[in-house]
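[1] Structure here, sequence nowhere to be found:
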C-alpha cells in the first residue's frame, strides 16, 4: 500500500481534526438535469408572472388597449386597399381617407340594415315561436308522453313567474349597462383615430420604434416585425373571406327555408367566424334553435345538414388553403390558445388569441436568426436616408 492510498483511506474514514490540514471530504454535487430544470422553472415562473401583470394592466386599460387592437386588425384589413389606391397615384392622405371611409360606410350600412330588419321581423318571429310552442304542447300531450295540458300550463306559468321575479334584476342590468355607452363611443373614436394614423404612417412609426436599437438588433426586429405583420394581414383577409362565405351560405339557406331575421342571423354567423372552431358552433346552435322554433323540425334538420357540410368544407378546404398556409398552428394549439385568450380577456381575447400566437410563432425564428452583414449595411443606409428626409418635415413621425 502506497502513502497516497493511505492518505485517501484516512480522509475517507472521517472528518479531520481541528488542527488537521488534510483534504476535506468530497461533497455531493447537484445533478446537471436538476440544475437545468431549476433554471427553466424560475425563468418560466418569471415569464408567467410578467404575462399575468401585463394582462392585469391591459384589463385595467381596456378602454385604450381594445381600440388599439381593433385598429391594428382594421389596418391589416384596409392596408391592401390603401396600397392599391396609392399605386393608382392617389395621395397618401386621400388614399387613407378613402379606405377608412369605405370601412365606416360598410359597417354603418350593415348595422343599420340589421337594426331595421330586426325591428320589422321580430313580431313575425314572436308569432311563429308562439305557434310552435302550442304545437309542442299538443305533441307532449299525445302519445307517448301523455302530459296533461294543466301540467303544461303550470310549467309555462312557473316559467313566466320566474322571468317576472327577475325582471327588476334584468332591468337593473340594462340600466347599469347604459353607463358604458360613453366608453363605447370613446372606444370607437379612439379606434378610428389610431387606425387612421396606422394606415397612413404605419411604416414610419415602426421605423421610429426600431431606430433606438443597435444595427444587428434593428435588423432582427425588422425581419420579425415584417413576418408577424404578413401573418396578421393574411389572417385577417382570409378570415374575412371565410366569414363572408359562411354568412352568405347560411343566409341563403335561411332565406330559402323562410326563417325570419335572415340578415341578423347571417351577421351573427359572420361575426362568430372570427372565433376559430367554437364561434361557428354557437352561431349554428342559435340559427338551428330559431329555425326549429319558427319552421319546425324538418327545416332545422336541413339547416343542420348544411352546417355540417359547410363545416367539413371549412376544415378541409377553406381553412387549409386560405389561412392554414400562413398560420401553421396545430388544432390542439388553437384550442389551447383560444382557452387562454378567453380566460384572460373574454370574447376579445378569444378573437385575437390565434393571430397573436401565429404572429409570435412566425416572428420568433427571425429574432433568433443571425443577421447578414449586407442586410445590416442596407438597413443602416435606409435609416440614414429616412432621417435625412424627415429633417425637412414639419411634424414628428409619431
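    Cool, got the structure. These figures come from a predicted structure and were not determined experimentally.
[2] where does the protein have its least confident helix or strand?
    In the chain, the helix or strand scored least confidently by mean pLDDT, DSSP states H and E is helix 167-177, which has a mean of 47.
[3] so which helix or strand takes in residue 350?
    Following DSSP states H and E, one finds residue 350 within helix 331-368.
[4] Going by the annotation, which residue ranges form each domain of this protein?
    What automatic domain parsing lists as the domains of the chain is 61-166+176-212, 213-381.
[5] So which of these is nearest residue 38?
    domain 213-381 (23.8 Å; C-beta to C-beta). All C-beta spots, glycine's among them, are computed from the backbone N, C-alpha and C.
[6] about what we covered before: could I get the domains of the chain in JSON lines, plus columns for distance to residue 42 and mean neighbour count?
    Formatted as JSON lines, the domains of the chain follow (distance: least, C-beta to C-beta, whole Å; neighbours: other C-beta atoms under 10 Å):
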{"stretch": "domain 61-166+176-212", "distance to residue 42": "29", "mean neighbour count": "14"}
{"stretch": "domain 213-381", "distance to residue 42": "21", "mean neighbour count": "17"}
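[7] Which of those domains sits closest to residue 30?
    domain 213-381 (28.9 Å).
[8] any idea how far that closest one is from the chain center?
    8 Å (C-alpha atoms, centre = their mean, to the nearest Å).
[9] and that domain, what's its mean pLDDT?
    Domain 213-381 shows an average pLDDT of 81 in the prediction.
[10] Then stretch 182-189?
    Averaging pLDDT along stretch 182-189 gives 80.
[11] So which of the domains of the chain is nearest residue 40?
    domain 213-381 (17.1 Å).
[12] the strands in the stretch 1-150 of the chain, which residues?
    Taking DSSP state E, counting those that start in this stretch as the criterion, the stretch 1-150 of the chain carries no strands.
[13] show me where it has helices.
    3-13, 32-60, 62-87, 92-141, 149-165 (DSSP state H, counting those that start in this stretch).
[14] among those helices, which is nearest residue 189?
    When those are compared by C-beta to C-beta, helix 62-87 sits nearest residue 189, at 8.3 Å.
[15] other SSEs contacting that closest one?
    Applying 3 or more C-beta pairs under 8 Å, 6 or more residues apart in numbering; DSSP states H and E, we find helix 62-87 packed against helix 92-141, helix 181-210, helix 215-257, helix 331-368.
[16] These: which one's closest to residue 292?
    Across these, residue 292 has its closest neighbour in helix 92-141 (7.6 Å, C-beta to C-beta).
[17] ok, residue 210 touching residue 218?
    Yes. Between residue 210 and residue 218 there is a contact under C-beta atoms under 8 Å: 4.9 Å.
[18] host element of the residue lying closest to residue 118 once chain neighbours are set aside?
    Closest residue in space to residue 118, ignoring its immediate chain neighbours: residue 264 at 5.1 Å, by C-beta to C-beta, 6 or more residues apart in numbering. With secondary structure defined by DSSP H and E, residue 264 is part of helix 262-272.
[19] Show the subsequent helix or strand relative to that helix.
    helix 279-295.
[20] For the helix or strand just after that next one, name the packing helices and strands.
    Per DSSP H and E, helix 279-295 leads on to helix 297-313 as the next helix or strand towards the C-terminus. On a contact count with 3+ C-beta pairs under 8 Å, 6+ apart, helix 297-313 meets helix 215-257, helix 279-295.
[21] Residues in contact with helix 297-313: which ones?
    246, 249-250, 253-254, 257-259, 280, 284, 287-288, 291-292 (C-beta atoms under 8 Å, 6 or more residues apart in numbering).
[22] any idea of the angle the helix holding residue 264 forms with helix 92-141?
    110 degrees (axes from the mean of the first three to the mean of the last three C-alpha atoms, to 10 degrees).
[23] what angle separates helix 262-272 from helix 215-257?
    Counting by the same axes, to 10 degrees, helix 262-272 points 150 degrees away from the direction of helix 215-257.
[24] who's in contact with helix 262-272?
    Counting by C-beta under 8 Å, 6+ apart, 110, 113-114, 117-118, 243-244, 246-248, 250-251, 254-255, 259, 279-280, 282-284, 286-287, 290 sit against helix 262-272.
[25] again with stretch 88-102
    78, 81-82, 85-86, 192, 195-196, 199-200.
[26] And those residues, which two are furthest apart?
    86 and 192 (20.2 Å).
[27] Any chance of JSON lines for the helices and strands packed on helix 62-87, columns distance to residue 315?
    Compiled in JSON lines, the helices and strands packed on helix 62-87 are given as follows (distance: least, C-beta to C-beta, whole Å):
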{"stretch": "helix 92-141", "distance to residue 315": "27"}
{"stretch": "helix 181-210", "distance to residue 315": "32"}
{"stretch": "helix 215-257", "distance to residue 315": "11"}
{"stretch": "helix 331-368", "distance to residue 315": "9"}
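[28] nearest to residue 65, of the ones you listed?
    helix 331-368 (8.9 Å).
[29] The closest one packs against which elements?
    helix 32-60, helix 62-87, helix 215-257, helix 325-327.
[30] Nearest to residue 122 among the ones you listed would be which one?
    The nearest among the helices and strands packed on helix 331-368, by C-beta to C-beta, is helix 215-257 at 15.3 Å.
[31] Which of the domains of the chain sits closest to residue 49?
    Residue 49 lies closest to domain 213-381 among the domains of the chain, at 14.1 Å (C-beta to C-beta).
[32] Residue 58 and residue 333, how far apart?
    22 Å (C-beta to C-beta, to the nearest Å).
[33] so what's residue 231 up against?
    Residue 231 touches 326-327, 355, 358-359, 362-363, counting by C-beta under 8 Å, 6+ apart.
[34] wait, residue 195 sits on residue 77?
    No. Counting by C-beta under 8 Å, residue 77 is not a contact partner of residue 195; they are 9.7 Å apart.
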